[in-house]
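Trainee: structure of the sequence below:
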Amino acid sequence: MEAETFASCQNWNTKDLKEIALKICKLSKQNENRSRIAIITQGIHPVILAKDGEITEFPIHEIPAEKIVDTNGAGDAFVGGFLSQYIQGKDLEICVKCAIWTASQIIQRSGCTFEGKANFQA
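Mentor: Sure thing, here's the model as predicted:
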């Protein structure tokens, strides 16, 4: 998992994803006007969001195995869904829920494609 590898490269000596997310938030940054947000996805396990020393977990609605076509692009779709809401100033909860929804739609298709109009409901 990328988060565990990143933690190892930082010599953090932990595999606890919540702890890793909190440590990522504490890394130095140029813009101190905003808090850093760290998000770690875990496949079918809850998404971890860290901000301001707090952890929030978001459950994943499992897609039945027979509906999963292709998981390539799921991470890109997650980021796209998140950012589509974030740039509109939506709450982080809505951003993550849209990210989860978007990724869940993409894995039910071949490739990172989407037809029609998205019907995400916050």
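Trainee: next one: phi and psi at Pro46?
Mentor: Taking degrees, to the nearest 10, you get phi -60, psi 150 for the backbone angles of Pro46.
Trainee: tell me which helix or strand the nearest residue to it once chain neighbours are set aside sits in.
Mentor: Nearest non-adjacent residue to Pro46, counting by CB to CB, 6 or more residues apart in numbering: Glu57, 4.1 Å away. Placement of C-beta: from N, CA and C, glycine included. Per DSSP states H and E, Glu57 falls inside strand 54-58.
Trainee: quickly list the domain ranges of the chain.
Mentor: 1-60, 62-114 (automatic domain parsing).
Trainee: so which of those domains gets nearest Ala122?
Mentor: Across the domains of the chain, Ala122 has its closest neighbour in domain 62-114 (4.8 Å, CB to CB).
Trainee: if we can go back for a sec, need the domains of the chain in JSON lines (columns: distance to Phe120 and mean neighbour count).
Mentor: Output for the domains of the chain, formatted as JSON lines (distance: least, CB to CB, whole Å; neighbours: other CB atoms under 10 Å):
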{"stretch": "domain 1-60", "distance to Phe120": "14", "mean neighbour count": "14"}
{"stretch": "domain 62-114", "distance to Phe120": "5", "mean neighbour count": "16"}
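Trainee: with mean pLDDT added, can I get those in a markdown table?
Mentor: Output for the domains of the chain, formatted as a markdown table (pLDDT from 0 to 100):
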| stretch | mean pLDDT |
| --- | --- |
| domain 1-60 | 96 |
| domain 62-114 | 93 |
